[in-house]
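>>> sequence below, structure please.
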Amino acid sequence: TYKLYQQVAPLVNDAAAAFGFEQVPEYAPLKYAKHEAGEFFFVPRNVATKVAMNRR
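Model (predicted):
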């Protein structure tokens, strides 16, 4: 997951800057979520749906 973060973070920064705002991705536990030790990432719903349909 850290390698994924390293690849995505600069893209997020660049995309945010193109729209005139600052976005700082973090690779850290989610505070107060009771998931301090796990690693996971979020996939946009439309992408997850396409992936699931392609697996059928």
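>>> can you list the residues that contact stretch 16-28?
Thr1, Tyr2, Tyr5, Val8, Ala9, Val12, Asn13, Ala15 (CB atoms under 8 Å, 6 or more residues apart in numbering). In this view, the C-beta of every residue, glycine as well, is placed from N, C-alpha and C.
>>> and the second one, what does it touch?
With contacts taken as CB under 8 Å, 6+ apart, Tyr2 has the following neighbours: Tyr27.
>>> against Arg45, how distant is it?
To Arg45, Tyr2 is 25 Å away according to CB to CB, to the nearest Å.
>>> before we move on, what about Lys34?
The spacing between Lys34 and Arg45, counted by CB to CB, is 24 Å.
>>> repeat for Leu11
Applying CB to CB, the value for Leu11 to Arg45 is 20 Å.
>>> the helix or strand that contains Leu11 - what's its average pLDDT?
Counting by DSSP states H and E, the element that carries Leu11 is helix 2-18. For helix 2-18, mean pLDDT is 91.
>>> just how off-centre is that helix within its chain?
Mean C-alpha position of helix 2-18 versus that of the full chain (CA atoms, centre = their mean, to the nearest Å) differs by 9 Å.
>>> cool, stretch 21-35 as well?
Put simply, stretch 21-35 sits 10 Å off its chain's centre (CA atoms, centre = their mean).
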